[in-house]
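A.B. asks: fold the stuff below for me.
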Amino acid sequence: MHQFHTGEIDILIATTVIEVGIDIPNATVMLVMNADRFGLSQLHQLRGRVGRSNTQSYCILVSENISISPRLKFMESIHDGFILAEKDLELRGPGDFFGTLQSGLPPLKIASITDLYLLEKARFEAIKVLKEDPHLNREHHYSLKKTISHKGYQNTDWS
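C.D. replies: Predicted structure coming up:
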């Protein structure tokens, strides 16, 4: 890494360990083989390793799987990591917890993890409850407090 950073060597072949935290401004080309095997968020992180200087840079995504190309097309037009993560969730879903698909959360009882509007509304309501009753001491919050305590979040200050 040091030799690549100082320019002693021109090419670095690496695993995705370089996804986060590597800052080498002179890196101008990123070639990702089997790009269809990565999530859009991870590809976005990899893409961010090049283009850190005023030199023209390129991120080349290679995939032999032609059917996956519409998903990878988002990488061409979307540069916001949060939007890419939402698109990836919409397209691939959250995955299986115990199955063979990508890692993910188990199915929710009421909603789907792709119901972003509903999840955002639930988050807003949870924040509202915790601002009004940070220690969940009100009588109508008893079962919520009991559930949270059962999950190991005891003595948490939610304010």
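A.B. asks: burial of the nearest residue to Val29 once chain neighbours are set aside, as a residue count?
C.D. replies: Leaving aside its chain neighbours, Val29 sits nearest to Tyr58 (5.2 Å; criterion: CB to CB, 6 or more residues apart in numbering). C-betas here are computed from N, CA, C, even on glycine. By other CB atoms under 10 Å, 11 other residues sit near Tyr58.
A.B. asks: OK, contacts around Tyr58?
C.D. replies: 28-30, 50 (CB atoms under 8 Å, 6 or more residues apart in numbering).
A.B. asks: next up, the contacts around the residue nearest the centre of the chain.
C.D. replies: The chain has Ser41 as the residue nearest its centroid, 4.9 Å off, counting by CA atoms, centre = their mean. By CB under 8 Å, 6+ apart, the residues touching Ser41 are 81, 84-85, 88.
A.B. asks: quick one: it from Phe124, how far?
C.D. replies: Taking CB to CB, to the nearest Å as the measure, Ser41 falls 24 Å from Phe124.
A.B. asks: ok so, going back, highest neighbour count among the contacts of Tyr58?
C.D. replies: The contacts of Tyr58, ranked by neighbours (other CB under 10 Å): first place Val50, 21 neighbours.
A.B. asks: mind checking how far that one is from Ser41?
C.D. replies: 17 Å.
A.B. asks: repeat for Leu91
C.D. replies: Leu91 is 12 Å from Ser41, by CB to CB.
A.B. asks: just say helix, strand or coil for Met30.
C.D. replies: strand (DSSP: H, G, I helix; E, B strand; the rest coil).
A.B. asks: does it have beta-bridge partners, and which?
C.D. replies: Cys59 (DSSP bridges).
A.B. asks: hmm, back to that, any of the contacts of Ser41 buried? List them.
C.D. replies: 84, 88 (16 or more other CB atoms under 10 Å).
A.B. asks: next step: the contacts of Ser41 restricted to helices.
C.D. replies: For the contacts of Ser41, the ones inside helices are 81, 84-85, 88, with DSSP state H as the criterion.
A.B. asks: now do the same for Tyr142: its pLDDT.
C.D. replies: pLDDT for Tyr142: 86.
A.B. asks: having no further points to raise, I will conclude here.
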